[in-house]
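Chemist: structure, please.
(one chain, ligands or ions: 2)
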Amino acid sequence: MRTAYDVETVRTAERALMARLPEGALMQRAAAGLAAACADLLGKVYGSRIALLVGSGDNGGDALYAGARLARRGAGVTALLLSPDRAHASGLAALRSAGGTVLGAEADASTGIVGRADLVVDGIVGIGGKGGLRPRAAQLATAAAASDGLTVAVDLPSGVDADTGTVHGEAVRADATVTFGAYKPGLLVDPARAHAGALRLIDIGLELPPGRAELTALQHDDVAALLPEPAGESDKYRRGVVGVVAGSARYPGAAVLAVAGALRGGAGAVRYVGPAAQAVLSRFPETLVSAGPPAGAGRVQAWVIGPGLGDDASGLADVLSADVPVLIDADGLRLADAKTVRARTAPTVMTPHAGEAAALLGVERGRVEAERLASVRELAERYAATVLLKGSTTLIAPPPGDGDSSPTRVNPTGTPWLATAGSGDVLSGLTGSLLAAGLAPADAAATGAYLHGLAARHAADGAPVSAQDVAAAIPAVWRDVRG
Ligand SMILES: NC(=O)C1=CN([C@@H]2O[C@H](COP(=O)(O)OP(=O)(O)OC[C@H]3O[C@@H](n4cnc5c(N)ncnc54)[C@H](OP(=O)(O)O)[C@@H]3O)[C@@H](O)[C@H]2O)[C@@H](O)CC1
Ligand SMILES: [K+]
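Modeler: Numbering: from 1, shown residues only. Ligands and ions are numbered 1, 2, ... in the order given. Next up is the predicted model:
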């Protein structure tokens, strides 16, 4: 599991550790890890050209000390100082005595040092950053983006918000980020995530309380432990039956795709209720179909409602009053009333994309995309539901009250290939099936998103995919995760 902590928690752990260590020891650990990561990226340190972008805080200090280490290994290192009179004094002394060059930031305009560097080290600002980059810092970020060389961000790409993942204006775009002590939420959540490149975490000895985690990202092992597995005595009811209310005369395909996902999610059987039964049966004869209403369909352990429903809200009241987990997606999100969802006693999972989330919150889509973490949490609170906000970094927020034991999750397997019609229908069926199989709501949502993203990568393998391909690839990635 990858775990991210907010700045306040990192600062507290930093103070506790600093009190036990000689002065400067933590920065030396950080700089050693940073220099090693830079050397790995460069391949050959000797003779390489390195530009350090140095702000006035400790983030700049890390860059200066790492630069000194690389200069001692034969790199040509030039530091560009944003505030020459406030730059980290002992870091500067170390760089100078290792043979590095020190200039003011304005020197880049006449020398083009950043543009010609093999490696740009972004030490403008780290967890002490406030708001968007100031104009001179923004100029350096632009120069780094135009450089032919690689850019490594120190702790965070400068200009992104560590706690929220928002980006105010210009920010450094790094090929890699070397972060210290703990991941910060901004490294895992878009739009900031897209600025961070490959992540490397350097252990500097910080002790972080797991209960204070802001964000977690499941990895293969975590998901493997959550996947339902039938026991010897399992029958279809023990494995879980998932009911799918989806599709319409206009959108029968949504029903087929939701059922396709549900059949691969570990439930013992899939019931379909709706007008697309013929289309569903002709693709998946194993589906148990009924003409409705949902209350008369027989036993289910979880419902999925919404994909392709159009304006047909007729099944909604039955489903929302059922005392089993319910997943609401697509049209169902628009049709469900917040008060009814809040009043449910069994868990509810909602799976909007940014546009749907914006409509539910009554804001512009752009606001949801810029503030994904705040948006998903706000929805979870408003609906007292587990909310999965789809996107390049899919987020899953638990309902309030669950917060302490289960932090917000971020899915690490997303891929742009998933932006294809119908892929959300597959995800809702898959996640509903995991709910029916008995996974807790946030686990079902995180496991569903994880498998779905991997399945898209697996199916795409560098070429476009359809939603059907994603559904068909789920068994292969399930086996892969199980190892
Ligand atoms: N955590 C740990 O355990 C360890 C942390 N370590 C390192 O320390 C870093 C934190 O250092 P930090 O506290 O000195 O803050 P930092 O990020 O350098 O920024 C402050 C400076 O930036 C400036 N500034 C602010 N906003 C700005 C903007 N928008 N645009 C431009 N400038 C802006 C601000 O200027 P001021 O407001 O004072 O004028 C101030 O001078 C951390 O990220 C990690 O790298 C490691 O060394 C060891 C272990
Ligand atoms: K930085």
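
Chemist: tell me the buried residues in whichever strand or helix holds A225?
Modeler: Counting by DSSP states H and E, the element that carries A225 is helix 220-226. Residues of helix 220-226 classed as buried by neighbour count (16 or more other C-beta atoms under 10 Å): 222-223, 226. Every C-beta, even on glycine, is put in place using the N, C-alpha and C of the backbone.

Chemist: now these as JSON lines including distance to ligand 1?
Modeler: JSON lines is the format used below for those (distance: C-beta to the nearest ligand atom, whole Å):
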{"residue": "D222", "distance to ligand 1": "26"}
{"residue": "V223", "distance to ligand 1": "30"}
{"residue": "L226", "distance to ligand 1": "32"}
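
Chemist: which of these lies closest to G132?
Modeler: G132 lies nearest to D222 out of the buried residues of helix 220-226, by C-beta to C-beta, at 35.3 Å.

Chemist: skipping its backbone neighbours, what lies nearest that closest one in space?
Modeler: Distance criterion C-beta to C-beta, 6 or more residues apart in numbering; nearest residue to D222, sequence neighbours excluded, is M1 at 5.2 Å.

Chemist: near ligand 1, which residues of the protein? Just list them.
Modeler: 10, 14, 26-27, 30, 55-62, 125-134, 137, 154-155, 180-181, 204, 206 (C-beta under 6 Å from any ligand atom).

Chemist: all strands for the stretch 351-483 of the chain, in order.
Modeler: Along the stretch 351-483 of the chain, the stretches classed as strands by DSSP state E, counting those that start in this stretch are 386-389, 395-397, 408-410.

Chemist: closest to L263 out of those?
Modeler: strand 386-389 (20.1 Å).

Chemist: give me the buried positions along the closest one.
Modeler: 386-389.

Chemist: equivalent analysis for stretch 339-358, please.
Modeler: Within stretch 339-358, the residues that count as buried by 16+ other C-beta under 10 Å are 341, 344, 347-354, 356-358.

Chemist: which residues touch the residue in the stretch 1-150 of the chain that ligand 2 sits nearest to?
Modeler: Nearest residue of the stretch 1-150 of the chain to ligand 2: D122, at 4.5 Å (C-beta to the ion). By C-beta atoms under 8 Å, 6 or more residues apart in numbering, the contact set of D122 is 53, 63, 141, 144, 151-154, 157-158, 172, 174.

Chemist: so it bridges to which residues?
Modeler: Beta-bridge pairing for D122 (DSSP bridges): L53, A153.

Chemist: any idea of the pLDDT on D235?
Modeler: pLDDT, D235: 80.

Chemist: where do the strands of the stretch 1-150 of the chain begin and end?
Modeler: Going by DSSP E, counting those that start in this stretch, the stretch 1-150 of the chain shows strands at 2-4, 49-54, 76-81, 101-104, 119-123, 150-154.

Chemist: picking up where we left off before, any idea which of the strands of the stretch 351-483 of the chain gets closest to V245?
Modeler: Nearest of the strands of the stretch 351-483 of the chain (C-beta to C-beta): strand 386-389, 18.3 Å.

Chemist: what's the mean pLDDT across the helix holding A225?
Modeler: pLDDT averaged over helix 220-226 gives 97.

Chemist: that helix: how far from the chain's middle?
Modeler: Relative to the centre of its chain, helix 220-226 is centred 17 Å away, using C-alpha atoms, centre = their mean, to the nearest Å.

Chemist: summarise which helices and strands the longest helix belonging to the chain is packed against.
Modeler: What stands out as the longest helix in the chain, according to DSSP state H, is helix 441-460. In terms of contacts (3 or more C-beta pairs under 8 Å, 6 or more residues apart in numbering; DSSP states H and E), helix 441-460 is packed against helix 220-226, strand 348-350, strand 386-389, strand 395-397, strand 408-410, helix 423-436, helix 467-482.

Chemist: what is the mean pLDDT for the fourth one?
Modeler: Averaging pLDDT along strand 395-397 yields 98.

Chemist: what does the third one give?
Modeler: Taken as a whole, strand 386-389 carries a mean pLDDT of 98.

Chemist: roughly how far does G266 sit from W478?
Modeler: 8 Å (C-beta to C-beta, to the nearest Å).

Chemist: and what of A32?
Modeler: In terms of C-beta to C-beta, A32 sits 41 Å off from W478.

Chemist: tell me which of those two has more neighbours.
Modeler: Remark: of A32 and W478, W478 carries more neighbours, 18 against 15, as counted by other C-beta atoms under 10 Å.

Chemist: now the helix or strand of the chain with the lowest mean pLDDT: how far from the chain's centre is it?
Modeler: Within the chain, no helix or strand scores below helix 236-239, which has a mean of 83 by mean pLDDT, DSSP states H and E. Taking C-alpha atoms, centre = their mean, the mean C-alpha location of helix 236-239 is offset from the chain mean by 32 Å.

Chemist: can you list the buried residues in that helix?
Modeler: R239.

Chemist: what is the subsequent helix or strand relative to that helix?
Modeler: strand 241-245.

Chemist: beyond that following strand, next helix or strand please.
Modeler: Counting by DSSP H and E, what follows strand 241-245 is helix 252-263.

Chemist: residue farthest from the centroid of the protein?
Modeler: When each C-alpha in the chain is compared with the mean C-alpha position (C-alpha atoms, centre = their mean), S97 comes out farthest, at 41.8 Å.
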